[in-house]
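1. I'll drop the sequence and a predicted model, then ask my questions.
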Amino acid sequence: MARYWWGQKNEEKKVHWITWKKICKAKPVGGMGFKELQIFNMAMLAKQAWRLLKNRESLFHKMYAARYFSNGDLLATSLGGTPSYAWREIWEAKNLLVKGGRWNVGNGSSIHSLDDA
């Protein structure tokens, strides 16, 4: 993206007049409002992981569950032996959900106090 913005072609070097961090700041605070694509991409992948957790009747969930987490627990599954590129990225993004998630106790039947810390 920087090559496009600064007009770089092939190996030609161009001057980057402003840091990418400043360009990604919001317009009201002096930036250009560009998205940090790596962070944006990870957020979109975490959204897909969330859909796998919440929409258990969807074709998307059934397909991935059959191939990658047949035990039904996305959060406790391993990457597997031959993951697709899409699964590998979703599996990495699910860690964001784990880090930012909180327990919803409900009736407590799914919580194992000795194992879940």
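-> Thanks, I have the structure now. Numbering: from 1, shown residues only.

2. The closest residue in space to L75 that isn't next to it in sequence and D73: what is the separation?
-> Distances taken as Cβ to Cβ, 6 or more residues apart in numbering place V98 nearest to L75, at 6.2 Å, with adjacent residues excluded. In this view, the C-beta of every residue, glycine as well, is placed from N, C-alpha and C. Note on V98: its distance to D73, by Cβ to Cβ, to the nearest Å, is 12 Å.

3. same deal with M32?
-> 42 Å.

4. Please apply the same query to L97.
-> Distance from L97 to D73, by Cβ to Cβ: 13 Å.

5. more neighbours, the two?
-> With neighbours defined as other Cβ atoms under 10 Å, L97 and D73 compare such that L97 has more, 16 against 11.

6. can you tell me which residues contact that one?
-> 46, 49-50, 53, 75 (Cβ atoms under 8 Å, 6 or more residues apart in numbering).

7. Buried ones among the residues you listed?
-> By neighbour count, with 16 or more other Cβ atoms under 10 Å, these hold 46, 49-50 as buried.

8. For the nearest residue to G33 once chain neighbours are set aside, give me the pLDDT.
-> Excluding the flanking residues, the one nearest G33 by Cβ to Cβ, 6+ apart is K27, at 4.5 Å. The model reports K27 with a pLDDT of 86.

9. What is the burial count for K27?
-> Count around K27 with other Cβ under 10 Å applied: 9.

10. mind checking how far F34 is from M42?
-> 16 Å.

11. Show the subsequent helix or strand relative to the longest helix along the chain.
-> The single longest helix within the chain, with elements called by DSSP state H, is helix 37-54. Per DSSP states H and E, the first helix or strand lying C-terminal to helix 37-54 is helix 59-68.

12. mind checking how far that next one is from the chain centre?
-> 18 Å (Cα atoms, centre = their mean, to the nearest Å).

13. Buried residues, that helix. List them.
-> 61, 64-65, 68.

14. Arrange those residues in a markdown table, one row each, with pLDDT as further columns.
-> Shown next, in a markdown table, are the buried residues of helix 59-68 (pLDDT from 0 to 100):
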| residue | pLDDT |
| --- | --- |
| H61 | 90 |
| Y64 | 90 |
| A65 | 89 |
| Y68 | 89 |
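
15. Since that was my last question, I'll sign off now.
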